[in-house]
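A.B. asks: need a 3D model of the following:
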Amino acid sequence: MEPEKKETITIQKLAQNLATFAIDRTDLKELLAAIPENNNLNLPTIEYELQLLKIISVGWAISFFMPTTDKNKGPLSQMFWEFIRETSQNISNLTETTTGQSIDYFDILKQRLSTYLEIMQHNPDKAQNPADLMGPAFASTCKCEDDAMAILTGTKLFTLTMGAVKEYLNIVECKV
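C.D. replies: Predicted coordinates for the structure are as follows:
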């Protein structure tokens, strides 16, 4: 159901809101809390990979749900990834400061995106509904390929994230 009047915001604000949602961990914590205690999952790995998947899913949702004819699609996507790059740099700097280990969090995001894209390209029959691939792909990145709970958790995060971005894009309008 479409709202009668959409909220009008700048494209920068929309990109910032989407980036803030992408890095928000509230839904990750809820998904982790739903995992039964007696499991064989490495929960820190699951949490880490969920955050990566959520960021990637928000980026995909922008591309997937905005019409190709929308003049704001390209700039919005670029601004979103610039916000994510900035946040990634902060994470990388904090990690190096606290652990002494140098990481490039944005590069890790790009690698994970490539992994998910490769899986979709190798399964073109299932790529029409990416949610069918994301759960198993997520479980694979967590090194627990056949674990139903990992598959379900990845699928659920992907589906909820895509749905939330779609809903948000339907209630806002970019002003020039």
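A.B. asks: so which residues of this structure form helices?
C.D. replies: Under the criterion DSSP state H, the chain contains helices at 11-23, 26-33, 43-65, 73-99, 105-121, 131-141, 148-171.
A.B. asks: and the average pLDDT for the second one is what?
C.D. replies: What that stands for is helix 26-33. Averaging pLDDT along helix 26-33 yields 96.
A.B. asks: could you do the fifth one as well?
C.D. replies: Predicted confidence along helix 105-121 averages 94 (mean pLDDT).
A.B. asks: including mean neighbour count and distance to Lys5, could the helices of the chain go into JSON lines?
C.D. replies: Yep, even glycine has a C-beta here, placed from its N, CA and C like the rest. Shown next, in JSON lines, are these (neighbours: other C-beta atoms under 10 Å; distance: least, C-beta to C-beta, whole Å):
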{"stretch": "helix 11-23", "mean neighbour count": "18", "distance to Lys5": "17"}
{"stretch": "helix 26-33", "mean neighbour count": "14", "distance to Lys5": "28"}
{"stretch": "helix 43-65", "mean neighbour count": "19", "distance to Lys5": "20"}
{"stretch": "helix 73-99", "mean neighbour count": "15", "distance to Lys5": "21"}
{"stretch": "helix 105-121", "mean neighbour count": "15", "distance to Lys5": "35"}
{"stretch": "helix 131-141", "mean neighbour count": "21", "distance to Lys5": "31"}
{"stretch": "helix 148-171", "mean neighbour count": "18", "distance to Lys5": "9"}
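A.B. asks: look up the closest residue to Thr95, ignoring the ones flanking it.
C.D. replies: Counting by C-beta to C-beta, 6 or more residues apart in numbering, the nearest residue to Thr95 once its immediate chain neighbours are dropped is Ile103, at 5.3 Å.
A.B. asks: if I look at the one you found, how far off is Ser140?
C.D. replies: In this view, Ile103 and Ser140 are 21 Å apart by C-beta to C-beta, to the nearest Å.
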